[in-house]
Structures are given as C-alpha cells and as structure tokens.
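Participant: sequence and predicted structure below; questions after.
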Amino acid sequence: MTEEIPNLTAFDEAALDEAFSALERQARAAAAALNGEAAVEAFRLEWLGRKQGRLNEVSGLWLKSAPKEAKKALGMRFNALKAVVEGLLDSALGAGPTDAALAAEAIDITLPGTRRLTGAEHPITRTLNEITSVFAALGYSVGVGPEVETDFYNFESMNFPPGHPARDTQDTLVVAGQDRRPQRDRLLLRTHTSPVQMRTMEQQPPPVRIVIPGKVHRNDAADATHSPIFHQVEGLCVDTNITFSDLKGTLDHAMKALFGSSLKTRFFPSFFPFTEPSADVQISCIFCGGKGCRKCKQSGWIELLGCGMVDPAVFAFAAEKQPGYDSRKISGFAFGMGVERIAMMKYGISEIGQFYAGDMRFLEQFA
C-alpha cells in the first residue's frame, strides 16, 4: 500500500533532506517492482498524475504551506525529485516489451513488403505534353495565361468586335454582375487560349514562336464528344517573311510526329476572325490508313485542327503596346487543336466523359 504524504512540521535543511529522501526511496522501490505496460502506466499516474499524483500532493501540502524563506530550498528539492521520478519512468518505458509481448506481436520478415504504387500521367496530361514537346523541339517556347479573361483579350483583340456573329459560336460563360463595367473589361471564362497570344505579343517584340497549352470553357452540352471544360494547344509564329508554306510545313511535321511518318495532311479553306486566309487541317485516317472506314465516314480523312495567317487587325491591337508588330513588315501564322480529340484518337476512346469521371479502372490502363 502506498504511504500517505505526511505533513511537514519543520522546514530546515535537515528536515527537508529527510522528507524528500524518503519519497525518493519509495519511488525507486516502486519502479524496481514494475513488470509490464499496465504497471508502468499505474506508476506514472501514481507519481505524475495531475489530479491524484503524489508529486501533485507534495506541491499542495508542502510548497503552499512552507514559510517564505523555505520555499526556494523546498522548490529545488521538489524539482530534483520530479526529475528522478521522470527518469525512472523513462527507464521503465525504454526497457521494451516483454518476451511474451514480442511473441504475440512477432513479424514474419520472410513476407514480401508492402508495394507502394507509383502515379502516372493522366491521358490528357500525357497528350498535352506530347504535343507541347513536338513544338518545343521546333524552337517554340511555352506560354500560359489566366483562365478568367476580359472580353478584350478573349474576343476584341482577336478581331471579334462586339456584335460579331462569330461570338455566338463560342458559347461563352460570363461572370455575373458586371453590367456597369465597359464591355471590354467584363470578365469571362476563356473560350480558347488565344488571349495568351495577344498577351505575349504585348510583352515581347517579334520574332515570337510560342505554343500555348491550357484549359478552356464553353457552355456546351456534355455528350460523347463535347464537354463544357476541355483543353487546347494553340501556337503562334511571328517573324519577317513568314508564309503559308511555313505553316503547312510546320503542321505537317507536327502531325507526323504525333501519329507516324506515313500520315498525310491536307488543307481546306475556312474562316476564323483572327486569321486571313484561314484553313481547316485534315489528316489521313489513322484507323484505316486513308482507305475509308466508319470513323472517317468512308472519306479516308479526319478533320483535326484550324489554322491560318494572322490577320493584320490582330497585329494592330498588339502594335498599340509593341510598335514592332507592323503588318507591313512582319507576318505570322497561328493554329489551334483540341487535346481531348487527339487523345481519343490516339488511345481509341469513344466517350470524352471518361477523362473526367475519375474511374480508376479506366485511368489505370495508362499507368
């Protein structure tokens, strides 16, 4: 049975030494008899417990009742006793589990270790990086810009003036509550990565060779081939004496690098407000080799991207901050392609929603 803490009637050095020595002997005797985790925990609560611990009791009986001149000596001895008890507890905890406990929790070291799975690129990220690396090898740098854009950068600077019918095809998601702002300052979710072209030209004089990967947003109804959120890679090349032949050669090389050297490309007239002339690019069907199949609608060709020579009106907007973009002295071309469409072709995916569903059974195929 644990002895009660006696009341101190004398506070001279000899009386204090005797009282604290007696407590230390009790603590050492109790620690020597410890056996097992339960006993160690009981010892800790008995001596160091906040409410009923013996040291807490010593503090209440001795320290508070001691005369002022004895408090310093008593406090020093109290701290020394507490250090002894804590040391005894540390020694008991450091002794380790008993042989019985080790036998009960034995580890079979012959079992294989836990395999830590490594991550893999998402198929959209992988395709986007493949496209970017093709143009990086041609000397293009990578440009980025905000996904929340102003009307000016998304439309007006790209030769989509207010009221232009081509704006209707963009299905734009506009930030609400901006009726008091001027039209060009109103915020929206960018519908293409073209604003980065203008931001780059405003900051950098020609020559410019830049490829722009990124996420874009349009108010499209989700179906097998459409999503309100998707990714684009656009490109811009500006210099002196840039011709449509340079554009054709660049895109022909890029498509062959992505789909194989046997691929063929062809260009058809089209319209985009920011390029003139404009073209749609078709590639020979990668599924049937151009012979005609269901996926290419028996034509042997698949339309993949749009391109054209940069319209002088776009250069005029850039020239407001960079006089070097004088359309009489420089020229350039631009192009843009959907990353999801290319990924679906490369990996034989028929449903664009699989990219965003988070189904690990689908994604693990690309690990």
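Facilitator: That came in fine, so what should we check first? None of the values given here were measured: they were computed from a predicted structure. Residues are numbered from 1 along each chain as shown.
Participant: so where is this structure shaky, pLDDT-wise?
Facilitator: 1-3, 94-106 (pLDDT under 70).
Participant: the longest helix in it is where?
Facilitator: Among the segments of the chain that qualify as a helix by DSSP state H, the longest is helix 71-94.
Participant: how far out from the middle of the chain is it?
Facilitator: 50 Å (Cα atoms, centre = their mean, to the nearest Å).
Participant: just the CA atoms of it, as CSV, please.
Facilitator: What follows is helix 71-94 as a C-alpha-only set of coordinates in CSV (Å, rounded to 0.1, in the frame of the first residue of the first chain):
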residue,chain,number,x,y,z
LYS,A,71,10.2,28.0,-0.4
LYS,A,72,13.3,28.2,-2.5
ALA,A,73,15.1,25.3,-0.8
LEU,A,74,11.9,23.2,-0.9
GLY,A,75,11.3,24.0,-4.6
MET,A,76,14.8,23.0,-5.6
ARG,A,77,14.4,19.6,-3.8
PHE,A,78,10.9,19.2,-5.4
ASN,A,79,12.3,19.7,-8.9
ALA,A,80,15.1,17.2,-8.2
LEU,A,81,12.6,14.6,-7.0
LYS,A,82,10.4,15.1,-10.1
ALA,A,83,13.4,14.6,-12.3
VAL,A,84,14.3,11.4,-10.5
VAL,A,85,10.7,10.1,-11.0
GLU,A,86,10.6,11.0,-14.7
GLY,A,87,14.0,9.3,-15.2
LEU,A,88,12.7,6.2,-13.5
LEU,A,89,9.6,6.3,-15.8
ASP,A,90,11.7,6.8,-18.9
SER,A,91,13.9,3.8,-17.9
ALA,A,92,10.8,1.6,-17.4
LEU,A,93,9.4,2.6,-20.8
GLY,A,94,12.8,2.1,-22.5
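Participant: packing partners for that helix?
Facilitator: When contacts are defined as 3 or more Cβ pairs under 8 Å, 6 or more residues apart in numbering; DSSP states H and E, helix 71-94 packs onto helix 13-32, helix 37-48, helix 54-58. Every C-beta, even on glycine, is put in place using the N, C-alpha and C of the backbone.
Participant: what angle sits between it and helix 37-48?
Facilitator: Regarding helix 71-94 and helix 37-48, their directions subtend 170 degrees when assessed with axes from the mean of the first three to the mean of the last three Cα atoms, to 10 degrees.
Participant: okay, now the domains of the protein?
Facilitator: For the chain, the structural domains run 13-104, 123-366, going by automatic domain parsing.
Participant: just name the most buried of those domains.
Facilitator: When you average the neighbours per residue for each of the domains of the chain (mean count of other Cβ atoms under 10 Å), domain 123-366 leads with a mean of 17.
Participant: between the two ends of that one, how far is it?
Facilitator: Criterion Cα to Cα, to the nearest Å; first-to-last residue distance in domain 123-366 is 7 Å.
Participant: looking at the helices and strands packed on helix 71-94, which is closest to residue 231?
Facilitator: For residue 231, the closest of those is helix 37-48, at 57.2 Å, according to Cβ to Cβ.
Participant: the closest one to helix 13-32, inter-axis angle?
Facilitator: Taking the same axes, to 10 degrees, helix 37-48 and helix 13-32 form an angle of 170 degrees between their directions.
Participant: mind giving me the packing neighbours of helix 37-48?
Facilitator: Packed against helix 37-48, as judged by 3+ Cβ pairs under 8 Å, 6+ apart, are the following elements: helix 13-32, helix 54-58, helix 71-94.
Participant: before we move on, back to that, make TSV out of the helices and strands packed on helix 71-94 and add distance to residue 343.
Facilitator: Compiled in TSV, the helices and strands packed on helix 71-94 are given as follows (distance: least, Cβ to Cβ, whole Å):
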stretch	distance to residue 343
helix 13-32	68
helix 37-48	57
helix 54-58	68
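Participant: ok, back up a step: residue 7 is nearest to which of the domains of the chain?
Facilitator: Using Cβ to Cβ, the nearest of those to residue 7 is domain 13-104, at 6.3 Å.
Participant: could you check how far residue 339 is from residue 128?
Facilitator: Between residue 339 and residue 128 the distance, using Cβ to Cβ, to the nearest Å, works out to 5 Å.
Participant: any common contacting residues for those two?
Facilitator: 213, 231, 233 (Cβ atoms under 8 Å, 6 or more residues apart in numbering).
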